[in-house]
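> sequence first, predicted model second:
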Amino acid sequence: MKVLEIKNLHKIYNDSAVEVHAVNGIDLHFEEGEFAAIVGPSGSGKTTLLNMIGGLDKPTNGEVIINGTKIGTLGKSKIIDFRMRNIGFVFQSYNLIPVLTAKENVEFIMGLQKWTKEKRNARTKELLEAVGLGDRMNSRPSQLSGGQQQRVSVARALASKPSFVLADEPTANLDSKSTSQLLEIMKDLNKKENITFIFSTHDKRVIDKARRVITIEDGKVTSDEIK
Amino acid sequence: MIWKTSWKNVWRNKTRSLVVIISVTLGVIGGLFYIAFSEGMVRQRMHSVLNNEIAHIQITNKNFRSNNEIKYMISEGDKIIDELNNDPEILSASGRFIVNGMLSVDAKNSGIQIMAVDPEKEKTISEIYQKIIPGTGNWDKIKTKNKIYIGEALAKSLNIINYNIKDFVIDSLRKKEVSEKVLLMLEPLRNKRFKNEKIFIRELEKTLKSSYNNTIKKQLMDNARYYRKRAKLIFSFVNADSNQISEAYRIGGIYKIDNHMFEKVYAFINADQFKKLAGIPEGQYHQILLKVNDLDECTNIKKRLEKKYSSLEILSWKDIQTDMAYVEEFMGFFYNIFIIIILAALSFGIINTMLMAVLERTKELGMLTAIGMNRRKVFRMIMLESIFLSLTGGVIGMILGRILIAWTNKIGINLSSMGDGMESFGYSSICYPAIDDTFFINLTILVIFTGILSAIYPAYKALKLNPADALKTD
């Protein structure tokens, strides 16, 4: 089942005197349960592409279709709500809420969706145990290592059972041990929950684990390889 | 979830939040206390004005106030008093005779105004009968022959209050643990009579030198003071026939009402005795004083009485005590100005803190919008943080302010160091701060409202963040 379709996507920045074509006519689609890496050198347009897929940025041209919905047609409020229900985010610098515990960070998005307390507790417990932090539920981000924080971030991204998870350089700040732990966890969850994972990365360890590798250069897809 | 997160966000930077909360708390306490202090002073003054000095409404002959001559009487006084006492809007009415004259004791004399009053009816319009200093007499003596009630300030100026360090004074000082050395130094002053406070203090300072301090002064002033109750006071005045009349009086009591000007001028005697002395016909008075049931109706009642008794001059307390009428009218306005200043300071503190909080958390707020927290909820979260900040400080401030006001209301704030100054203007030297409960409720609402208003700009700033840009921010 197609969860994400990208049609002729363009993004042009006119901020400076020079016009920058960050994304230049990309066509892609992703099926349910994929574990895909978007790779490319710095400035190749990976993050811009991910931002447009996640509805954080508007394309200059083209369409992003998620589960049949053209997200470009959604208004400001609707796109936020759509993101909440359909997309999970994992950020490079974890971006957890520092005043909340691991448990509270994970259940935050479920709270926004008004899940019942029982449902929230059960899902939070399930996810934190799945990422190996069942015993650190009440720890605040400052009490966790970088790898542990990123695992909480993964659990949070999966909390409301989104259609896919977008992870922008998720291992960039992690050591190799934490990276392999995180990748194993994400792969397990990808299988168990059948949720599509899309990474932007230039980390070889992530690329090795990915089942599909899409290479971007100068805003264009130069290869799309399924292992 | 948002409430919980907002509350936790308040404590993200404990020092900063505590500084804001403490500032709000102190601002609210300060504001409340200042208002309660002013309100207490004004209420006490108002009480004294209405219950000791002028009552609610005064009726006189139209010529009396401008000429102040004994001949200008209310001719059908008794009839009018009866009518007024049967008026449902009037609590009580009583007649007085008022005459200017000279009061002399030994070589001292002072111009005064005698209020000749009905001893019982006077109690319904004035509280002077309750203001007699213990040990100086009592109001009931007014019924006995030729008793006069003078104010403490007049008693002082006529040297009726004397000082003498008798044996019991030394004993009481010893009990208060005043050193034997000081008691020995006081020996030359023992059993000597000092005619007034000024001379007594001068001698004490000279004798005790560096050992003289406020504690000893207070002990001595309180204990060594005695009243010359047997002193003969001669009151002289001119009657309606322009004859000089003098009469000797003894002190029935000395009253104290914290208004030196009043105490110095007004003395009270029995109306029946004065009527015979001055040859005033039955049923006539110089002045009828009224107390009404509802003070807010005073002006309307005055207008009604003006129509009914058109030949007489009728003045409400606002006409007589114009300064207090202005104070009553504008006090609320000044309180409001003061509150606005406090709330503005509170508001700037909150805006500053919340703006810093928003700018520091740009990335986090971007993340929240990215993962699906809509703008309304981001706005609400920032608003709640501001409200929690202002409310915490506001509530603590109001509770502590309330306790402080209740406590000082109970014990009073002694302003005796400037007491003479205060009492010269008619204000008590002991202030009992007071405030209405409705004022607290209004202030609570205002503090919350200010918190909400102050949060709008920082919350609006948060709304303006683009999640993609915000996430880029380091």
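Thanks, I have it.
> how far away is the residue in the stretch 51-200 of chain B that chain A sits nearest to from B:Leu220?
Proximity of the stretch 51-200 of chain B to chain A (Cβ to the nearest Cβ) peaks at B:Glu177, 57.7 Å away. Every residue, glycine included, has its C-beta placed from N, CA and C. To B:Leu220, B:Glu177 is 15 Å away according to Cβ to Cβ, to the nearest Å.
> tell me the pLDDT of the residue of the stretch 51-200 of chain B closest to chain A.
In this prediction, B:Glu177 carries a pLDDT score of 81.
> so what's the residue in chain B that chain A sits nearest to up against?
Among all residues of chain B, B:Gly372 sits closest to chain A, at 2.3 Å; criterion: Cβ to the nearest Cβ. B:Gly372 makes contact with A:Ile80, A:Asp81, A:Arg83, A:Met84, A:Arg85, A:Ile109, A:Leu112, A:Gln113, A:Ser160, according to Cβ atoms under 8 Å, 6 or more residues apart in numbering or on different chains.
> which of those residues fall in helices?
In helices, defined here by DSSP state H, the members of the contacts of B:Gly372 are A:Ile80, A:Asp81, A:Arg83, A:Met84, A:Arg85, A:Ile109, A:Leu112.
> of the residues you listed, select the buried ones using a PyMOL command.
Buried subset of these, written as a PyMOL selection, criterion 16 or more other Cβ atoms under 10 Å in any protein chain shown:
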select buried, chain A and resi 80+83+84+109+112
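> out of the ones in helices among the contacts of B:Gly372, which touch chain B?
By Cβ under 8 Å from any Cβ of the partner chain, the members of these lying near chain B are A:Ile80, A:Asp81, A:Arg83, A:Met84, A:Arg85, A:Ile109, A:Leu112.
> from those, pick the one nearest chain B.
A:Met84 (2.3 Å).
> excluding its backbone neighbours, what's nearest the closest one?
B:Gly372 (2.3 Å; Cβ to Cβ, 6 or more residues apart in numbering or on different chains).
> can you report phi and psi for that neighbour?
phi 120, psi 10 (degrees, to the nearest 10).
> and the gap between it and A:Asp15?
Going from B:Gly372 to A:Asp15 by Cβ to Cβ gives 28 Å.
> cool, and B:Thr25?
47 Å.
> more neighbours, the two?
B:Thr25 (21 against 7; other Cβ atoms under 10 Å in any protein chain shown).
> the more buried one belongs to a helix?
Yes. Checked against DSSP: H, G, I helix; E, B strand; the rest coil, B:Thr25 lies within a helix.
> how about B:Met398, what does it touch?
With Cβ under 8 Å, 6+ apart, B:Met398 has these contacts: B:Val28, B:Leu32, B:Phe440, B:Leu443, B:Thr444, B:Val447.
> among those residues, name the buried ones.
Among the contacts of B:Met398, those buried by neighbour count (16+ other Cβ under 10 Å) are B:Val28, B:Leu32, B:Phe440, B:Leu443, B:Val447.
> got a markdown table for those residues, with distance to B:Ser110 too?
Shown next, in a markdown table, are these (distance: Cβ to Cβ, whole Å):
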| residue | distance to B:Ser110 |
| --- | --- |
| B:Val28 | 48 |
| B:Leu32 | 43 |
| B:Phe440 | 47 |
| B:Leu443 | 48 |
| B:Val447 | 53 |
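> taking the contacts of B:Gly372 together, which two end up most distant?
By the measure Cβ to Cβ, A:Ile80 and A:Ser160 form the most distant pair in the contacts of B:Gly372, at 13.3 Å.
> quick one: buried residues of stretch A:197-210?
Going by neighbour count (16+ other Cβ under 10 Å), the buried part of stretch A:197-210 is A:Phe197, A:Ile198, A:Phe199, A:Ser200, A:Thr201, A:His202, A:Asp203, A:Val206, A:Lys209, A:Ala210.
> how's chain B carved up into domains?
Using automatic domain parsing, the domain parsing of chain B gives B:2-48+B:324-472, B:55-159+B:229-320, B:161-227.
> thinking again about what came up before, and of the buried ones among the contacts of B:Met398, the nearest to B:Arg202?
Relative to B:Arg202, and with distances defined as Cβ to Cβ, the nearest of the buried ones among the contacts of B:Met398 is B:Leu32, at 42.8 Å.
> confirm that closest one sits in a helix?
Yes. Looking at B:Leu32 with three-state DSSP, it is inside a helix.
> excluding its backbone neighbours, what's nearest it?
Spatial nearest neighbour of B:Leu32, excluding adjacent residues (Cβ to Cβ, 6+ apart): B:Gly401 at 3.6 Å.
> the one you found and B:Ile35, how far apart?
From B:Gly401 to B:Ile35 the distance is 9 Å (Cβ to Cβ).
> my read is that B:Ile382 contacts B:Ala455, right?
Yes. Assessed by Cβ atoms under 8 Å, B:Ile382 is found in contact with B:Ala455 at 6.0 Å.
> name the element A:Phe89 belongs to?
For A:Phe89, the element it lies in under DSSP states H and E is strand A:87-90.
> name the helix or strand for the residue nearest in space to the middle of chain A, please.
The centre of chain A sits closest to A:Leu166, judged by Cα atoms, centre = their mean, with a distance of 1.5 Å. Per DSSP H and E: A:Leu166 is located in strand A:164-168.
> that strand packs against which elements?
Contacting strand A:164-168 under the criterion 3 or more Cβ pairs under 8 Å, 6 or more residues apart in numbering or on different chains; DSSP states H and E are the following elements: helix A:46-53, strand A:87-90, helix A:146-158, strand A:196-201.
> and after the top helix by length along chain B, which helix or strand comes next?
The residue-count maximum for a helix in chain B (DSSP H) belongs to helix B:322-360. Counting by DSSP H and E, the next helix or strand C-terminal to helix B:322-360 is helix B:362-371.
> what does that following helix contact?
Contacts of helix B:362-371 (Cβ under 8 Å, 6+ apart): A:54, A:56, A:80, A:83-84, A:88-89, A:91, A:93, A:95, A:97-98, A:108-109, A:156-157, B:358, B:375, B:378, B:462, B:465-471, B:473-474.
> let me know how buried B:Gly111 is, in neighbour terms.
10.
> and it, that's in a strand?
Yes. Under three-state DSSP, B:Gly111 sits within a strand.
> and the closest residue to it other than its chain neighbours, helix, strand or coil?
With Cβ to Cβ, 6+ apart as the criterion, B:Gly111 has its nearest non-adjacent residue at 5.8 Å, and that residue is B:Met102. Secondary structure, three-state DSSP: B:Met102 is strand.
> run through the bridge partners of B:Met102.
B:Gly111, B:Ser236 (DSSP bridges).
> for it, what are its contacts?
Neighbour list for B:Met102: B:Asn109, B:Ser110, B:Gly111, B:Ile112, B:Phe235, B:Ser236, B:Phe237 [criterion: Cβ under 8 Å, 6+ apart].
> one step back: can the longest helix of chain B be found next to chain A?
No. Using Cβ under 8 Å from any Cβ, helix B:322-360 never reaches chain A; the gap is at least 10.9 Å.
> tally up the residues packed near residue 46, please.
Answering for chain A, as no chain was given. A:Lys46: 26 surrounding residues under other Cβ under 10 Å.
> to clarify, I was referring to chain B.
B:Met46: 17 neighbours (other Cβ under 10 Å).
> relative to B:Arg361, how far out is the closest residue to it other than its chain neighbours?
Nearest-residue entry for B:Met46: B:Met324, 6.1 Å, with adjacent residues in sequence omitted and distances by Cβ to Cβ, 6+ apart. With distances taken as Cβ to Cβ, B:Met324 is found 54 Å from B:Arg361.
> wait, isn't B:Pro433 in contact with B:Gly40?
Yes. Checked against Cβ under 8 Å, the pair B:Pro433 and B:Gly40 is within contact range at 4.1 Å.
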